[in-house]
Structures are given as C-alpha cells and as structure tokens.
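Participant: Attaching a predicted model along with its sequence, questions to come.
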Amino acid sequence: MNISVLRDQNISVIEHAHLSEYTTFKLGGPCLALVECPTAQQMLFTVCALRAQNIPFLIMGFGSNILASDAPVDTVVLRFTGTVPVVTIHANTVTVDAGTQLDSLVECAINAGLDDMTMFSGIPGTVGGAIAGNAGAYGKQISDNLINLTVLKPNNSLEIIPRSAIRFDYRDSAFKHNNDIILHAEFHLPNGDAATMNQKRHEIISTRESKHGRWQDTPCAGSFFRNVEPTSKAGPRQSAGWFIEHAGAKELHIGGAHPYLKHANIITRDINACANDVYNLTNTIVDMVRSKFNIELVREVRFLGTFNGIGDPRGFW
C-alpha cells in the first residue's frame, strides 16, 4: 500500500490508528490507516489517489453514529471532517462542505439571520453524515431545505444532483446504500431573527444535554434505535426508549455497557467496556422488545467491522 502521494500533499496519514480515538463511543480497534481530510478538495484528491491504486477505503465523518468493532478493520478510513467550517452564504442560499460540523453550520446560519437549522443545535456529526442519515429533530429533517448536492461518483466524475432526484426516508437516504460521496450541499433557508434563534439554540442544547448527557462526557452514539413506526398512518412515531424501558431493558448491564440513566435509547458504557459489550447489549434489547411487544427495533447507529465473527471486516453494516 503506497500512500506517500497523500503525504506529499500534506494530508495526514496515521497508520494503524485506533478508531476509539475517532468515535464518540470512544471504542474501536485499529484500521490499516486513518487519513484526515478536513476539506472537500482533500477528500476528492484522496479518493481518486486510492482508487487509482485499488486501495480499499471507507469514509467516516465525525464518528458520532458509529459503533466500531474491537477487531481490526481491514481497510483505510478517510475521516472527512475539520475544525474550521467551510460555508458560503449568498442571500438565502447556503453552500457547505459535507465535512463541516453540523453544529457549526447551525451557528453560521444563525449569525447570518437564517432559520430552519436551529433545531439541529448541539447534534454532533458532519453535514454529510446528517444528510446520509437524513437526521431530524423537533419534526424537521435535514433534507427539508436541501436544494442540491455535489457528489463524487464511483467513476470519479462529479455530479450535481437536485433534491428532487434523491431518495430520502426516515433516518435514511440513498447515500447509505450506494457508493456516491457527498462533497458539498446547498440549502435554501428562510430569514429569521438572530436573537430569537440564539435563545432557541441555547434552550435546545440545554434540553438535549439534560436528557442525553454531553457526548464529550458520556460516550455514546446518540439514539441507538429509530423511533417505532405508528400503528396507523395517522399516528406519530413512538419513542423507541419507551418500548425499551417497558420491556424491562433499561436496567440491563452487559459487561460495561448499559442504557443511559435518563434515556433508555441512549446506550453508553463504563470505562472498562469493549465494543462487543455494546453489541451484545443492543442485541439483547432487541430480543426483549420483540418478546414483549412483537416489535422489531431498527438500528440508527451503524456497525463498523466484525462482532462475534459477524459483520464486514472492511465496512459498515
């Protein structure tokens, strides 16, 4: 594997990096190499260089919606995120690098007097990851204000795809199931009052931290399971946490993994836990909810690598 061409472009390459240092769960074994791509331009160069050498890779953003295996991940991991937001605003149109932190985009929009991003305040992760997972909060989804995306196709061509041509579902999109790489996103945002939005932002962050804890202090990946489909088309989705708690699973401890005290759908861990503990715990939760309610919980968090010999040593599943 010759990745010196990346270092020649001052792109950071850390061989045999441990994914525990790059996920909010703070769990995960080594990968072949971790490549830091803080901008879309660096991501484009890196992907084309690796493809030219037939070097396998996968793309990870901030690592906030991932449970990485304790076992080695047999591939190069490209980490598409940076500390500096790459955002351009013209009137009500916002163009942003997919590697920009979602919360940084929220701040930029508010400072520009633009609304409809405020409800995503405090959510860790990148804009690209949020789009791929069609992140949502307070009845809003990230795809609602999307105009188009610039994506890198598997043949290395760039394509601008309008929102109307992209499949989005609840916490899902076409990008979780194809090999397109989101480089840039363009949004149309309505005008808003900056003071009002800042007040709302502080309230949302305070509420989120009181219910979910601070991800900086409480290792987790956010809500582990999707909320449950309504029993009728007229009904709202039902909280996965309610089913977990009423199935008796909130008090579970497997190894060092357990549900968060204040929110049953937030899975966290003690200092001595391993990724397999979380994997086994969440499988047990699924079994208990199925047994009690005949409902199949669906993961929102993506597994990376193999667990108990199951999974994909080179990718997400």
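Facilitator: Everything's here; your move.
Participant: And for the host helix or strand of residue 303, what's in contact with it?
Facilitator: Following DSSP states H and E, one finds residue 303 within strand 302-307. Contact with strand 302-307 is made by 19, 28-29, 58, 60, 65-69, 71-73, 275-276, 279, 311-313, 315-317, as judged by C-beta atoms under 8 Å, 6 or more residues apart in numbering. Every residue, glycine included, has its C-beta placed from N, CA and C.
Participant: Check the residue nearest in space to the middle of the chain and give its pLDDT.
Facilitator: When C-alpha atoms, centre = their mean is applied to the chain, the residue found nearest the centroid is residue 65 (4.0 Å). Residue 65 is assigned a pLDDT of 95 by the prediction.
Participant: Now do it against residue 57, distance only.
Facilitator: 19 Å (C-beta to C-beta, to the nearest Å).
Participant: Buried ones in stretch 289-308, by neighbour count?
Facilitator: For stretch 289-308, the neighbour count (16 or more other C-beta atoms under 10 Å) marks 289, 295, 297, 299-307 as buried.
Participant: returning to what we had before: now a ChimeraX select for only the buried ones of the contacts of strand 302-307.
Facilitator: Buried residues within the contacts of strand 302-307, by 16+ other C-beta under 10 Å, are selected in ChimeraX with:
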select :19,28,29,60,65,66,67,68,69,71,72,73,275,276,279,311,312,315
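Participant: Where strands are concerned, which of the contacts of strand 302-307 count?
Facilitator: 58, 60, 66-68, 73, 311-313, 315-316 (DSSP state E).
Participant: Between its first and last residues, how far does stretch 11-18 reach?
Facilitator: The first and last residues of stretch 11-18 sit 18 Å apart, counting by C-alpha to C-alpha, to the nearest Å.
Participant: Kindly report the same for stretch 285-304.
Facilitator: 19 Å.
Participant: roughly how far out does it sit from the chain middle?
Facilitator: For stretch 285-304, the gap between its own C-alpha mean and the chain's C-alpha mean amounts to 19 Å (C-alpha atoms, centre = their mean, to the nearest Å).
Participant: Now the residue nearest to the centre of the chain: phi and psi?
Facilitator: phi -130, psi 40 (degrees, to the nearest 10).
Participant: close enough to count as contact, it and residue 301?
Facilitator: Yes - applying C-beta atoms under 8 Å, one finds residue 65 in contact with residue 301, separated by 5.6 Å.
Participant: So for the two, which residues contact both of them?
Facilitator: Joint contacts of residue 65 and residue 301 (C-beta under 8 Å, 6+ apart) are 221-222.
Participant: any idea of the pLDDT on residue 50?
Facilitator: 96.
Participant: Would you confirm that it belongs to a helix?
Facilitator: Yes - using DSSP: H, G, I helix; E, B strand; the rest coil, the assignment for residue 50 is a helix.
Participant: How about the contacts made by it?
Facilitator: Counting by C-beta under 8 Å, 6+ apart, residue 50 touches 3, 57, 76, 78.
Participant: what's the pLDDT at the closest residue to residue 89 other than its chain neighbours?
Facilitator: Computed as C-beta to C-beta, 6 or more residues apart in numbering, the closest residue to residue 89 that is not its neighbour in sequence is residue 112, at 4.9 Å. Residue 112 is assigned 98 on the pLDDT scale.
Participant: number of nearby residues for residue 112?
Facilitator: 17 (other C-beta atoms under 10 Å).
Participant: ok so, going back, so for the strand holding residue 303, what's the average pLDDT?
Facilitator: 98.
Participant: Kindly report the same for stretch 260-271.
Facilitator: When pLDDT is averaged along stretch 260-271, the result is 96.
Participant: ok, residues contacting it?
Facilitator: With C-beta under 8 Å, 6+ apart as the criterion, stretch 260-271 contacts 25, 27, 210-213, 218-225, 239-242, 244-245, 249-250, 256-259, 277-278, 281-282.
Participant: Going through those residues, which ones are buried?
Facilitator: 25, 27, 212-213, 218-225, 239-241, 244-245, 249-250, 257-259, 277-278, 281-282.
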